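Visitor: Return a 3D structure for these sequence lines:
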Amino acid sequence: MPTPLDDLYFDNDAPPSSAPGPQGALPLTEDLLRDSPSGDLFGWSQNAGMGWDPAELNRPQVLILSTQGGIRAPDGTPIALGYHTGHWEVGLLMQAAANEVRAQGAMPFAGYVTDPCDGRTQGTPGMLDSLPYRNDAAMVFRRLIRSLPTRHAVLGIATCDKGLPAMMMALAGTPDLPTVLVPGGVTLPPEHGEDAGKIQTIGARFSHGEITLKEAAELGCRACASPGGGCQFLGTAATSQVVAEALGLALPHSALAPSGQPIWLELARASGRALLRLHERKITTRQILTPSAIHNAMAVHAAFG
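Guide: Presented below is the predicted three-dimensional model:
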């Protein structure tokens, strides 16, 4: 039998059909009203509606993009899981960067395009979506950048095999704005156990009698020893982080930071400060991502990859 609606809804008074709205006034001028795109003016209405102080609407605007996934409670416990640890806690990096951007006198915006885990899709049709995702996400990131026409700079926060290359492509395809990439770091390995690469073979090893059921269960449980960050080996995720640094898109020493550690959050704040310095000095991605920078990244990759 169908569920009665009375079992789904509580009795409530009629909801309101209007509200007082934000207090204050937009800092408009006659020239802005005459000459600005209508979208710029409506954007200010939206900003005030979301709770931003109307008196601060003239601040430079910084767009922070990330691959965040899942819903994390303030104490770190999961409300809804992400696809993988790599994007699970990047919201903490976004918050640290946004607080720094605001403290430095700018206005942060945030947008999200979450990413899949090819480890999770191994042996399933989902494997077919893994590599195409990079191009798809890069295009969506680019569209998000263009869809905030008033942004002055872009900060990208990403970690893993799909999300970080997608973010790099999006930032590289934004040559006329200052951009900085914040690598989301790596999850800590267990003190006693196996990393996230070897642990993906527990089924095959058990089938060949190389490990017991008890060993498989215990090793699999503790492979990701901290809740955030990418895999602990030089697969695509870690490799891409190093390449991002070698290209000059990420700050020196920011690749492979251990997730959840103080240095991890400090790198997000430092990246926010660096992005605003680029904006002040009118240094754009075009001036950083030069042929020499690409050659440098290729040499670094050849040395360690």
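Visitor: In the helix or strand bottoming out on mean pLDDT in the chain, which residues are buried?
Guide: Ranking every helix and strand in the chain by mean pLDDT, DSSP states H and E puts helix 118-121 at the bottom, with a mean of 91. Buried positions in helix 118-121, judged by neighbour count with 16 or more other C-beta atoms under 10 Å: D118, G119. To be clear about C-beta, it is placed using only N, CA and C from the backbone, and glycine gets the same treatment.
Visitor: any chance you could map the strands in the stretch 101-250 of the chain?
Guide: Assigned by DSSP state E, counting those that start in this stretch, the strands in the stretch 101-250 of the chain fall at 107-112, 153-158, 179-183.
Visitor: Please identify the buried residues of the shortest one?
Guide: Applying a neighbour-count criterion of 16+ other C-beta under 10 Å, the buried positions in strand 179-183 are T179, V180, L181, V182, P183.
Visitor: Repeat that for stretch 158-176.
Guide: Residues of stretch 158-176 classed as buried: 158-172, 174 (neighbour count, 16+ other C-beta under 10 Å).
Visitor: Closest one of those residues to C221?
Guide: Of all the buried residues of stretch 158-176, C160 has the smallest distance to C221: 20.8 Å, by C-beta to C-beta.
Visitor: three-state assignment of the nearest residue to the closest one once chain neighbours are set aside?
Guide: The shortest distance from C160 to any residue other than its chain neighbours is 3.5 Å, reached at G86 (C-beta to C-beta, 6 or more residues apart in numbering). Under DSSP: H, G, I helix; E, B strand; the rest coil, G86 falls in the helix class.
Visitor: ditto for L41
Guide: Per three-state DSSP, L41 ends up helix.
Visitor: Just want the angle from the longest helix along the chain to strand 179-183.
Guide: Taking DSSP state H as the criterion, the chain has its longest helix at helix 262-280. If you take axes from the mean of the first three to the mean of the last three C-alpha atoms, to 10 degrees, helix 262-280 sits at 170 degrees to strand 179-183.
Visitor: for helix 262-280, packing partners?
Guide: Packed against helix 262-280 by the contact rule (3 or more C-beta pairs under 8 Å, 6 or more residues apart in numbering; DSSP states H and E) you find strand 61-66, helix 90-103, strand 153-158, strand 179-183.
Visitor: Could you export these to a markdown table, including columns for mean pLDDT and distance to L5?
Guide: Putting those into a markdown table (pLDDT from 0 to 100; distance: least, C-beta to C-beta, whole Å) gives the following:
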| stretch | mean pLDDT | distance to L5 |
| --- | --- | --- |
| strand 61-66 | 98 | 39 |
| helix 90-103 | 98 | 36 |
| strand 153-158 | 98 | 43 |
| strand 179-183 | 98 | 47 |
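Visitor: Can you list the low-confidence ranges for the chain?
Guide: Along the chain, the parts satisfying pLDDT under 70 run over 1-3, 11.
Visitor: Domain map for this protein?
Guide: Domain assignment of the chain by the TED database yields the ranges 60-186+227-304, 189-225.
Visitor: just the helices in the stretch 101-250 of the chain please.
Guide: Assigned by DSSP state H, counting those that start in this stretch, the helices in the stretch 101-250 of the chain fall at 118-121, 130-146, 163-172, 202-207, 213-222, 236-247.
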